[in-house]
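Q: The following comprises the amino acid sequence and a computationally predicted model.
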Protein chains: 2
Amino acid sequence: MLATGHRTHAGVEETRGKILAAARELFERNGTRGTTTREVAEKAGVNEATLFRHFGSKRALLDAMREHACGIEQFRSVLSALPGDDFAADLRQIAYHVTDHMLAKRAMMCVSLAEDAAGTDDVPEFRGPSQIKADLAAYFTVKADAGAFRVEPALAARFFLGILFSYVVGRKLWNSAVPDRATLDEIVDVFLNGVRS
Amino acid sequence: MLATGHRTHAGVEETRGKILAAARELFERNGTRGTTTREVAEKAGVNEATLFRHFGSKRALLDAMREHACGIEQFRSVLSALPGDDFAADLRQIAYHVTDHMLAKRAMMCVSLAEDAAGTDDVPEFRGPSQIKADLAAYFTVKADAGAFRVEPALAARFFLGILFSYVVGRKLWNSAVPDRATLDEIVDVFLNGVRS
DNA sequence: CCGCTTTGCAAGCACGCACTTGCACGAACC
DNA sequence: GGTTCGTGCAAGTGCGTGCTTGCAAAGCGG
């Protein structure tokens, strides 16, 4: 329907993009229920009817909105660009990147978590983190084969991402700030000390 | 108004309690915006008008609802009941308790996080976790004075709670299950290895 | 130039929502 | 017995919301 080959009006993709961007912004601020189609249309600078003509329903719009950069390619490029001669330094780089990545997606993650905890059938399905965890576990496996680990790579990966997650997402709960590099370094240090043999 | 000394109708507190319980349940399932006063009243077995006569507004009702057991006393009793002769075993007990505690409050925590991330002025103010962290840090300080730690107790406490938090709250993100005792034991082991000197 | 598609615009529908109101009943207290 | 207070009940108000419709304008391809 969209990529029929002959693009009639130039702006059709652009319109979709504007609507999706506006939807994401409002969704992050207000959640699924708090996001209104009127507001999305207004923020996108588009008529509400146009929104429905494109996506059919609010549900379909939000589903389409969630299909956006999970960031796994970025993570892979960071992982493959690591020097590799200093494991601790590499881990710090990973920690920096993951933290930044999570910070950028914090709002969306939190909303998804809440709506998951609510147990509604409407499952957002946030695929990014588990892919990142798998890649990190694979990376750790290599290191483990070299004898650097005393625990399972999968557990270590989960553990590592979990701490960063808790700092990014749970900062309000323990009223702590977003971790700066020095704090991340300390975290990495404790982690590394905990998992290495 | 409520505790004026002479209780007129016996059920006034009971009515409030039923409304608050229903409100909590629906709030956890649907969030602030998804919770409707009609539904709360219905679930409480009370007329909607009665709800408004008691609380005045939906906002006031939800605020009142949030004023409930933060669980800090329970945590303190667990902490003080620890044998103390085996630090690792004590930590495991703490991990079990904290995990259970967080599981019980998971929905509320997630909703609060999401509404915090949304940046709405309406701040839920979840006080429990930071109190628990403070107590745990104090407990760690004692151990640190005994030379068991190589990192700051506050960081260690934050770290420890953070991992458990990530397992309880973020399970969907990494599609992992709620941690069983064996997993918690492993986590405690890694943590302890990471922080002790 | 003609048709096609995309969009804007204005109005509207049906419903759910927070919140109100007026009345009647019944249990307490004087 | 009279008063007061808490509650149920039924109806209603005003507004927001998801979603639709009919029509006109504007751009593109043939």
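A: Arrived safely, thanks for sending. Remember, it's a predicted structure, so these values are computed and weren't measured experimentally.

Q: For stretch A:152-168, C-alpha coordinates in PDB please.
A: Taking Å, rounded to 0.1, in the frame of the first residue of the first chain, the C-alpha atoms of stretch A:152-168 are listed here in PDB:
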ATOM      1  CA  GLU A 152      27.600 -18.100  33.200                       C
ATOM      2  CA  PRO A 153      27.800 -15.400  30.500                       C
ATOM      3  CA  ALA A 154      24.100 -15.200  30.200                       C
ATOM      4  CA  LEU A 155      23.800 -14.500  34.000                       C
ATOM      5  CA  ALA A 156      26.600 -12.000  33.800                       C
ATOM      6  CA  ALA A 157      25.000 -10.200  30.900                       C
ATOM      7  CA  ARG A 158      21.700 -10.000  32.600                       C
ATOM      8  CA  PHE A 159      23.400  -8.900  35.800                       C
ATOM      9  CA  PHE A 160      25.400  -6.200  34.000                       C
ATOM     10  CA  LEU A 161      22.400  -4.800  32.100                       C
ATOM     11  CA  GLY A 162      20.300  -5.100  35.200                       C
ATOM     12  CA  ILE A 163      22.400  -2.700  37.200                       C
ATOM     13  CA  LEU A 164      22.600  -0.100  34.500                       C
ATOM     14  CA  PHE A 165      18.800  -0.500  34.000                       C
ATOM     15  CA  SER A 166      18.200   0.100  37.700                       C
ATOM     16  CA  TYR A 167      20.300   3.200  37.700                       C
ATOM     17  CA  VAL A 168      18.500   4.600  34.600                       C
END
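
Q: Run the chain-centre distance for it.
A: Remark: stretch A:152-168 is offset 15 Å from the chain centroid, using C-alpha atoms, centre = their mean, to the nearest Å.

Q: And for stretch A:129-138?
A: For stretch A:129-138, the distance to the chain centre is 12 Å (C-alpha atoms, centre = their mean).

Q: mind listing what's buried in it?
A: By neighbour count on 16 or more other C-beta atoms under 10 Å in any protein chain shown, the buried set for stretch A:129-138 is A:129-130, A:132-133, A:135-137. Every C-beta, even on glycine, is put in place using the N, C-alpha and C of the backbone.

Q: Also stretch A:74-86?
A: Those would be A:75, A:78-79, for stretch A:74-86 by 16+ other C-beta under 10 Å.

Q: In terms of helices and strands, where is residue A:179?
A: Taking DSSP states H and E as the definition, one finds residue A:179 inside no helix or strand.

Q: and it, how many neighbours does it have?
A: Residue A:179 has 21 neighbours, counted by other C-beta atoms under 10 Å in any protein chain shown.

Q: these two touch, right, residue A:64 and residue A:56?
A: No: Residue A:64 lies out of contact with residue A:56 (C-beta atoms under 8 Å); the separation is 9.9 Å.

Q: joint contacts of these two?
A: Common contact partners of residue A:64 and residue A:56 (C-beta atoms under 8 Å, 6 or more residues apart in numbering or on different chains): none.

Q: what about these two, which has more around it?
A: Taking neighbours as other C-beta under 10 Å, residue A:64 and residue A:56 compare with residue A:64 leading, 16 against 11.

Q: Helices along chain A, start to end?
A: A:12-34, A:37-44, A:48-55, A:58-66, A:72-80, A:87-104, A:106-117, A:128-145, A:153-169, A:181-195 (DSSP state H).
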